[in-house]
Structures are given as C-alpha cells and as structure tokens.
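Peer 1: have a look at this fold, sequence not included:
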C-alpha cells in the first residue's frame, strides 16, 4: 500500500466530474453506470480514451508513481449515505491484466462523513486529490458513508516490470 498526497489538483478532479456527469450510459454495449456486486455503491466505467487525460496529468511529474504502472480501466465510484464496501481482495477478471488499484479522492472530505478506506485493517484519511495504491491480494474496504456523498476515481492498473 502506498499513499501519495495531493497527486491530483482540484481542477483535474473537476474535469473528471465533467466526464462523469456528461457521459451516456453506453459502455461497450453494457451499462456504464451500475450497482457494484462487492459493496453498496454506484460504479461507472470509462475507457482510457475518455479518462486518459488523468493519466497524462499524473505523468507530467517526473517522479510520479504513474511511471511504474499502465492504466487498464477507469471507474468513478459514488457512495451515497449508507453505502460501503465490505473488506475483500481484488482479483483480475477474465481478460483484465491488472494487479494494482489506484483510488483518488475526488471531492473534499467535508462534503461527507464516513467512507473511510481501509487497507489491511488500517484506516486512511485521504483528502481531495490524494492517491492510495494497493496491490491485489491486500484486503481493503470502505466504511459506511453516514452523511453526504463521496466520489472517488478508481483505476485498475498493471505494474510495469522494468
């Protein structure tokens, strides 16, 4: 698990919101916006073409963690009051060559209560623009949102072996 503070600017989070809010519901002939099967939250999937600007922005920093990964799938997770993710371990789905997940907090944490991410039973209080990376096999989850709405960008990634 790795935590990177202030990895994404508020301006970039607003651009991500714009793509999320203005997208239709068609994602490779499936519903883009759907309820997750591993927790209680809304999941919206995006292609690299739609959200690649996020990765490009991360790569602008010559010391960025993004240099060590390849993005495979971008998703926006929306947690309304009562939503959570049970502790679980990620696995790659058939056809997905991923081994790490990146979580970027999109909205300010004063807009919601609860919704605290945990990795290996440790809580992480991440702020808007902070990035949290964990590898598949690490147990993680999100506590119940008790007030407001929490938005995060989740990027499924593959570690580049140099």
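Peer 2: Yes, it's here. This one's a predicted model, so the numbers in the text were calculated from it and none came from an experiment.

Peer 1: I figured residue 78 hits residue 42, correct?
Peer 2: Yes. Judged on CB atoms under 8 Å, residue 78 makes contact with residue 42 at a distance of 4.2 Å. The way it works is simple: take the backbone N, C-alpha and C, and place the C-beta from them, glycine included.

Peer 1: more neighbours: those two, which one.
Peer 2: Set residue 78 next to residue 42 and count neighbours by other CB atoms under 10 Å: residue 78 wins out with 19 against 16.

Peer 1: and the gap between that one and residue 150?
Peer 2: 8 Å (CB to CB, to the nearest Å).

Peer 1: low-confidence ranges, this structure, go.
Peer 2: For the chain, residues meeting the criterion pLDDT under 70 lie at 28-29, 37-39, 93-96, 162.

Peer 1: again, 80 this time
Peer 2: 25-41, 91-97, 161-162 (pLDDT under 80).

Peer 1: run a quick neighbour tally on residue 8.
Peer 2: Under the criterion other CB under 10 Å, the count of neighbours that residue 8 has is 21.
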